[in-house]
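Peer 1: Predicted model follows, preceded by the sequence.
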Amino acid sequence: MTSTSLWPLPRWLTLLSLSGFLLLSPLPAGAAEPGAASARPRALALLNYLHDLTKDDSSQLISGQNLGHGNHDPSTSFQENVVRLRRVSGRWPAIVSVDYGFDSVPSDLRTTTDLLALHADHGGIVMASMHPANPWRGTTADDRTSRSAADLLNPDTAAYGRWRRDLSRIADSLSQLRDHGTIVLWRPLHEMNGEWFWWGKRTAGQGFTPQEFISVWKDMFEFFTRERQLNNLLWVYSPAARVGPEIDSVLDYYPGASFVDVVALDWYDDQFDNLNKWDSYAELARLDKPMGLAEVGPLNRRDGSFDNLVLLNRLRQDYPKFGFFVFWHSWPGARVAIVDNRRSADLMTHVGVIDRDELPRFDLLPGH
């Protein structure tokens, strides 16, 4: 495929050139609309582009690479996971994903913000997530010690203060991206149906019930969209794919169509032949939202021997509703990133994979 700033116009978008300006036509009835109160042309165009890729007859997937965490030097990770992939394959991943903080959200997120803005300025899609500290104890994301989810909605509690501090720091970065004209796939509180994070499935009196999780999600949604006016977000609901009955259904914690724009699964495997064994893919597909893999990589073959094309071939053959994939980053002792595994160039240059230069130029549409 060739890189271009104009592309075949699908059903959801008509661009007219008039005196040097690009004008977006109204979306037709039945097109996807963002859950947030956003009418930004870029957000609408991106959402509907993702929706078109979710159709069964689409044979392409958007490529993505995670950079790591905002408190773990994401600029170095960008060089190791993204720039090095460009050198090896000649292609940039279409999606760059970053985590705002692992176990803590730093007060200074300028590096993270700048990396996301830079990728978007060059035509890329950006995604952000978080692993916030336990708000009751100020410890780690996997510290399951908790009290009541109601504490996070009550300004009189210490847990509320810690939680709002982290959300406010993230909102500051997202606000800067909004003002820059950058649309963000916002993926908070992922893998909530598992029992390994403090916001996850309630077990042994710790964690959240589905109703508690939904109340926290909706409160965060209101804080971001109403109070902080973050109308540049597309909200991504991203449960873990089930590996057995110990993980709840991917639908149990779903906040509702008005609070979610995109759905995704997190899944690590070496063959990707059991992704739907417990109906995770089928259940999520029934929501009729744009759909992808927001966190993916090898499970046991983390020595660099994983074949990247195994994932691509399996997705195209068995999971046609997925429209994107985002590989997690590597870390010491675990080679998970695209570039650290076999046939990375073959993956990125495959006709079924969309890289950054093959995306529609959403950044050329009006930002507001």
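Peer 2: Received the coordinates, thanks.
Peer 1: Can you tell me how far residue 202 is from residue 213?
Peer 2: Residue 202 sits 9 Å away from residue 213, going by Cβ to Cβ, to the nearest Å. Where C-beta positions appear, they are placed from N, C-alpha and C, glycine not excepted.
Peer 1: and what of residue 52?
Peer 2: 30 Å.
Peer 1: Neighbour count for the two, which is higher?
Peer 2: residue 213 (23 against 19; other Cβ atoms under 10 Å).
Peer 1: Can you report phi and psi for that one?
Peer 2: Backbone torsions of residue 213, given as degrees, to the nearest 10, read phi -60, psi -50.
Peer 1: can you tell me which residues contact it?
Peer 2: With contact set as Cβ atoms under 8 Å, 6 or more residues apart in numbering, residue 213 has these partners: 149, 189, 192, 199, 253.
Peer 1: Please pick the buried ones from those residues.
Peer 2: Buried subset of the contacts of residue 213 (neighbour count, 16 or more other Cβ atoms under 10 Å): 149, 189, 192, 199, 253.
Peer 1: Dump those into JSON lines; add distance to residue 58 as well.
Peer 2: What follows is those, written out as JSON lines (distance: Cβ to Cβ, whole Å):
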{"residue": "149", "distance to residue 58": "38"}
{"residue": "189", "distance to residue 58": "28"}
{"residue": "192", "distance to residue 58": "28"}
{"residue": "199", "distance to residue 58": "32"}
{"residue": "253", "distance to residue 58": "27"}
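Peer 1: thinking again about what came up before, between the contacts of residue 213, which is nearest residue 142?
Peer 2: Closest approach to residue 142 among the contacts of residue 213 (Cβ to Cβ): residue 199, at 10.6 Å.
Peer 1: Give me the nearest residue to that closest one, chain neighbours excluded.
Peer 2: Of all residues not flanking residue 199 in the chain, residue 189 sits nearest, at 4.9 Å (Cβ to Cβ, 6 or more residues apart in numbering).
Peer 1: so what's that neighbour up against?
Peer 2: Counting by Cβ under 8 Å, 6+ apart, residue 189 has contacts 130, 197, 199, 213, 216-217, 220.
Peer 1: Now, those residues that are in strands?
Peer 2: The strands, defined by DSSP state E, take in residue 130 from the contacts of residue 189.
Peer 1: which of the contacts of residue 189 tops the neighbour count?
Peer 2: Counting neighbours by other Cβ under 10 Å, residue 199 comes out on top of the contacts of residue 189 with 25 neighbours.
Peer 1: quick one, phi psi at that residue?
Peer 2: When read as degrees, to the nearest 10, the backbone of residue 199 gives phi -90, psi 0.
Peer 1: least confident pick among the contacts of residue 213?
Peer 2: Among the contacts of residue 213, residue 149 has the lowest pLDDT, at 93.
Peer 1: Next, that one: phi, psi?
Peer 2: With angles defined as degrees, to the nearest 10, residue 149 sits at phi -60, psi -20.
Peer 1: okay, now the closest residue to it other than its chain neighbours: neighbour count?
Peer 2: Sequence neighbours aside, residue 212 is the residue nearest to residue 149 in space, at 3.6 Å (criterion: Cβ to Cβ, 6+ apart). Residues lying near residue 212 (other Cβ under 10 Å) number 19.
Peer 1: next one: residue 85
Peer 2: With other Cβ under 10 Å as criterion, residue 85 counts 25.
Peer 1: Could you list which residues are in contact with it?
Peer 2: 65, 91-93, 337-339, 344, 348.
Peer 1: repeat for residue 242
Peer 2: Contact partners of residue 242, counting by Cβ under 8 Å, 6+ apart, are 193, 248-250, 277-280.
Peer 1: With residue 65 instead?
Peer 2: 81-82, 85, 93, 95-97, 326-327, 329, 337-338.
Peer 1: The helix ranked longest in the chain - contacts with which helices or strands?
Peer 2: As assigned by DSSP state H, the longest helix anywhere in the chain is helix 158-180. With contacts taken as 3 or more Cβ pairs under 8 Å, 6 or more residues apart in numbering; DSSP states H and E, helix 158-180 sits against strand 95-102, helix 110-121, strand 125-131, strand 184-187.
Peer 1: Direction included, what does the first one pair against?
Peer 2: So that's strand 95-102. Using DSSP bridges, strand 95-102 pairs in its sheet with strand 64-69 (parallel), strand 125-131 (parallel).
Peer 1: Now do the shortest one against helix 110-121, angle only.
Peer 2: By that I understand strand 64-69. 170 degrees (axes from the mean of the first three to the mean of the last three Cα atoms, to 10 degrees).
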